[in-house]
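Engineer: any chance you can model this:
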Amino acid sequence: MDFLGKLEKMKILAFKDVAHQKPAVPASWPVLVNPESYALDYKIEYNTDTAQGNDGTAARYTRHDPEEFSCDLWFDNTGILDNAPRPDIYVEMEDFRSFLLDIESETHEPRHFMIIWGKMLFKGRITGLQIQYKLFKSDGTPIRAMATVSFKGSFDDVLRLAKANLLSPDLTHKKVVKAGDTLPNLCDEIYESTRYATQIARLNDLDQFRKLAVGTELYFPPLNKTE
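Structural biologist: Down below sits the predicted model:
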């Protein structure tokens, strides 16, 4: 493993659109010092509500939340880190705050970001920025700062569900009826709603759907085809 290759700096790129096709101005931020570490946080949501008359508390899958990214970035105006002294760290921190948090005039929304470092590529939007001033002159003026940044992955609900392998345009669910199954219950399991039972009955040529023959094979097309 090569630990002594060319030093690659983390890149933070800013865009106006969720497709990351229209660069913002400024389009990037020069990271002075690579972070010592970064964190990727993944969460899954479950519904634990108990139906009336049922004492069970089985957790039913709801969704995958967008992943979250966070890291600490150092700033220094003495020049000791990059041989480029700057007169005032407040100016640099205000520029960084503006880069991350300003509202785009075209979209009236915060920017979208792409963070690249080595094999890591993260696309998301800023959710938090905390600035801590760490080193001071005798008069109390700070000369070093650490910024803790956090981002949430950015993609629409359809892409999020497709990523979880639950709502792909080419994905059709196939179910074999078991004792006690009803079409409304199966629709609720797959689509998290019983309101598609009539359409699914029609698609599967069922005369009625509350009493299903055990062993019957039913097809549940992607949600957009049943709406």
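Engineer: enumerate every residue touching Asp82.
Structural biologist: Asp82 makes contact with Leu32, Asp76, according to Cβ atoms under 8 Å, 6 or more residues apart in numbering. Heads up, the C-betas are built off the backbone N, CA and C, glycines and all.
Engineer: how near is it to Val31?
Structural biologist: 11 Å (Cβ to Cβ, to the nearest Å).
Engineer: now swap in Glu94 and tell me
Structural biologist: Here the distance between Glu94 and Val31 works out to 17 Å (Cβ to Cβ).
Engineer: these two - which one has more neighbours?
Structural biologist: Counted by other Cβ atoms under 10 Å, Glu94 and Val31 do not tie: Val31 has more neighbours, with 17 against 12.
Engineer: what's near enough to touch the nearest residue to that one once chain neighbours are set aside?
Structural biologist: Nearest residue to Val31, sequence neighbours excluded (Cβ to Cβ, 6 or more residues apart in numbering): Met10, at 4.4 Å. By Cβ under 8 Å, 6+ apart, the contact set of Met10 is Val31, Asn34, Pro35, Ile115, Ile116, Trp117.
Engineer: how many neighbours does Asp88 have?
Structural biologist: The number of residues packed near Asp88 is 12, by other Cβ under 10 Å.
Engineer: shouldn't it be in contact with Phe75?
Structural biologist: No. With contact defined as Cβ atoms under 8 Å, Asp88 does not reach Phe75; the gap is 11.4 Å.
Engineer: still on that earlier bit, inside helices: which ones of the contacts of Met10?
Structural biologist: If you go by DSSP state H, the contacts of Met10 have nothing in helices.
Engineer: report the distance from the helix or strand harbouring Thr148 to the chain centre.
Structural biologist: Using DSSP states H and E, Thr148 sits in strand 142-153. Going by Cα atoms, centre = their mean, to the nearest Å, the spacing between the C-alpha centre of strand 142-153 and its chain's C-alpha centre is 19 Å.
Engineer: so Gln130 bridges to which residues?
Structural biologist: Thr148 (DSSP bridges).
Engineer: correct me if wrong: it contacts Ala147.
Structural biologist: Yes. With contact defined as Cβ under 8 Å, Gln130 counts as touching Ala147 (7.1 Å).
Engineer: tabulate the CA atom coordinates of stretch 83-98 in CSV.
Structural biologist: The C-alpha trace of stretch 83-98 is given here as CSV (Å, rounded to 0.1, in the frame of the first residue of the first chain):
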residue,chain,number,x,y,z
ASN,A,83,3.5,29.7,3.5
ALA,A,84,0.8,32.3,2.6
PRO,A,85,0.1,34.6,5.6
ARG,A,86,-3.2,36.4,5.6
PRO,A,87,-4.0,39.5,7.5
ASP,A,88,-7.3,38.5,9.1
ILE,A,89,-8.8,35.0,9.7
TYR,A,90,-12.3,36.6,10.3
VAL,A,91,-12.4,37.5,6.6
GLU,A,92,-11.5,34.0,5.5
MET,A,93,-14.1,32.4,7.8
GLU,A,94,-16.8,34.8,6.6
ASP,A,95,-15.9,33.9,3.0
PHE,A,96,-16.2,30.2,3.9
ARG,A,97,-19.5,30.7,5.7
SER,A,98,-20.8,32.5,2.6
